[in-house]
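Colleague: Structure here, sequence nowhere to be found:
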Ligand SMILES: [Zn+2]
């Protein structure tokens, strides 16, 4: 006998078999019991949530000879015929493959004939939003004058693509995503019935990965089962879902929370070299952080079995850290949709997450003031009883000690110093390194002596120099590029300010850059580094050009400067205008991505010959 997929074998036969759609099934059962059914239904919801199953059960129940409380009895001739697929009065159509007018026309003629065996003819049209306009019009005519004893069930994942004229003639049911707990329960039920054994953690991994779709959950379970002899192991579940092991996730999160960028990047590289999908990794991180948040308040809702790392993270870290992490992860998830270089975004993400939290205090304050606005509409001074010991940092405003963190975690405010201490723990050597600056004067100084030849020489050795660096430092320079050079200076553009400031503080990185670039280009002098934000670069360059023009012509208004920039550059700054136009044309809906792709994807080499 051919192997039957789990989701077929275990397709629900009755409304009570369906999971996670209690409102829908109860309403449909009532309608059948009380004879209050209508001519057309719209079943809307994400894939794998039971729309087609519900439609089939409905068709069976309404034709069942001995229905029991709105459920099909499953044994009468009609139920049997429906189960065997021999009941001609239940007609299924997949609009994804039959979106033509002809099929609907056939239905229009067909509906005029009375059902042959059953009480009702039931048309189930799956993915109905795929119908062509002509087909929708034909369908509408039928729905406008519905013949007796005919019921349409239209199923869709995208109701917004269905004409309003159709929707208004249907009774709409919204199917929910199946929550992980319900999927977990259904899977363990099926496995118990089959006599298979399983690691509970494995089933949790599958329930999470299925993301609200029961059919997906069962398909993944099928694959995981096919690996082992009737036993679902965590390892196989991770393999099939492409998820990262909980241990690796935990170690990664631990590293970023401890602001150990190096260790975090090493963990990331472990994840990537195992061929894990970037989006899946970010999703896993989001649900891990969510579980950490829930652990204190609602431990029954978390989706993993806590291990030691998880427990330590949950008890030692303030909730603000997880809120911030989830925000950052959500941003990265958006960015990942527009890039084909996900590893760069994951590296940037990792550096961001392991930052010494300069933003934590303001974020916390914002949250507090937002809370206060709700709770106390009138601006009021801090309540006097807030005499908790002041946080370590004097620059941090007092409200931090009252942060909702404490309320949410149930932890005393003594958690807070961990966050506040950090900047102190990590000395900032930024001013120590004399090799780099980021002010406009330094940029101008390089530009005034910049040549195309100098830049070409640096660009030619840039990749070799990067390869000499340790991996974490390489990651920083993956979002950086040389953009102008003179015999004694080099301007490097960074896509992200956070990386730029990090790089400026990294004396080891700066030393290597300066000495290796000198060695590799066989230059007589070391080049003083100037780091700029790549987005700011066009403005800086324009300002430089304006300044030059300003010295030549005394009455230069801002507008004139711009006009002159467009015309007079031809003399000695031939390519500037073209570059500006090119970069402006590429500003799209996701400027950061556009900028990154511009930097990585095309040549932005400057030509400044003097
Ligand atoms: Zn029956």
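Modeller: Nice, I can see it. As the structure is a computational prediction, the values presented were derived from the model and not from experiment.

Colleague: For residue 77, give me its contacts.
Modeller: Residue 77 makes contact with residue 65, according to Cβ atoms under 8 Å, 6 or more residues apart in numbering. The way it works is simple: take the backbone N, C-alpha and C, and place the C-beta from them, glycine included.

Colleague: ok, 6 Å please
Modeller: Under the criterion of Cβ atoms under 6 Å, 6 or more residues apart in numbering, residue 77 has no neighbours.

Colleague: What of residue 156?
Modeller: Residue 156 neighbours (Cβ under 6 Å, 6+ apart): 44, 128-129.

Colleague: Now do the phi/psi pair for it.
Modeller: Dihedral pair for residue 156: phi -150, psi 150, per degrees, to the nearest 10.

Colleague: which residue packs closest to the spatially most central residue of the chain, ignoring adjacent ones?
Modeller: By Cα atoms, centre = their mean, the chain has its centre lying nearest to residue 333, at 2.6 Å. In this structure, residue 333 finds its nearest non-sequential neighbour in residue 282, 5.1 Å apart by Cβ to Cβ, 6 or more residues apart in numbering.

Colleague: can you check residue 49 too?
Modeller: Using Cβ to Cβ, 6+ apart and skipping the chain neighbours, the partner closest in space to residue 49 is residue 175 (4.2 Å).

Colleague: What of residue 330?
Modeller: residue 286 (7.2 Å).

Colleague: tally of neighbours for the residue lying closest to residue 257 once chain neighbours are set aside?
Modeller: Among residues not flanking residue 257 along the chain, residue 317 sits closest, at 5.8 Å (Cβ to Cβ, 6+ apart). By the measure other Cβ atoms under 10 Å, the count of residues near residue 317 is 23.

Colleague: State the distance from residue 317 to the ion.
Modeller: Counting by Cβ to the ion, to the nearest Å, the gap from residue 317 to the ion is 57 Å.

Colleague: when you give positions from now on, start the count at 56
Modeller: That works, and once the first residue is 56, the last one we named lands at residue 372.

Colleague: residue boundaries of the helices in the stretch 106-255 of the chain?
Modeller: According to DSSP state H, counting those that start in this stretch, the stretch 106-255 of the chain carries its helices in the segments 106-118, 132-139, 156-165, 188-199, 219-222, 235-249, 255-265.

Colleague: just to revisit the earlier point, isn't the residue nearest to residue 385 up against residue 384?
Modeller: Yes. Assessed by Cβ atoms under 6 Å, residue 341 is found in contact with residue 384 at 4.9 Å.

Colleague: between those two, who's got more neighbours?
Modeller: Using other Cβ under 10 Å as the criterion, residue 341 and residue 384 rank with residue 384 on top: 22 against 16.

Colleague: that older thread, using CSV, lay out the helices of the stretch 106-255 of the chain together with distance to residue 509 and mean pLDDT.
Modeller: Below are the helices of the stretch 106-255 of the chain laid out as CSV (distance: least, Cβ to Cβ, whole Å; pLDDT from 0 to 100):
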stretch, distance to residue 509, mean pLDDT
helix 106-118, 65, 96
helix 132-139, 79, 94
helix 156-165, 67, 84
helix 188-199, 61, 91
helix 219-222, 64, 94
helix 235-249, 58, 91
helix 255-265, 52, 86
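
Colleague: Please work out which of those helices is packed deepest.
Modeller: Comparing the helices of the stretch 106-255 of the chain by mean neighbour count (mean count of other Cβ atoms under 10 Å), helix 106-118 comes out on top with a mean of 25.

Colleague: That helix vs helix 132-139, what angle?
Modeller: Put simply, helix 106-118 runs at 160 degrees to helix 132-139, going by axes from the mean of the first three to the mean of the last three Cα atoms, to 10 degrees.

Colleague: right, is helix 106-118 up against the ion?
Modeller: No. On the criterion Cβ under 5 Å from the ion, helix 106-118 is out of touch with the ion, staying 6.7 Å away.

Colleague: what's next to that helix, contact-wise?
Modeller: Residues outside helix 106-118 that contact it (Cβ under 6 Å, 6+ apart) are 66-67, 70, 83, 87, 98, 100, 122, 127, 133-134, 137, 145, 173-175, 177, 179, 208, 210, 230.

Colleague: Check those residues for burial and list the buried ones.
Modeller: Buried members of these, counted by 16 or more other Cβ atoms under 10 Å: 66-67, 70, 83, 87, 98, 100, 122, 127, 133-134, 137, 145, 173, 175, 177, 179, 208, 210, 230.

Colleague: Return only those of the residues you listed found close to the ion.
Modeller: Answer for those near the ion (Cβ under 5 Å from the ion): 127, 134.

Colleague: Name the residues of the protein found near the ion, please.
Modeller: Selection of the chain residues close to the ion by Cβ under 5 Å from the ion yields 119, 127-128, 131, 134.

Colleague: how about a cut-off of 8 Å?
Modeller: Counting by Cβ under 8 Å from the ion, the chain comes close to the ion at 115-116, 118-122, 127-135.
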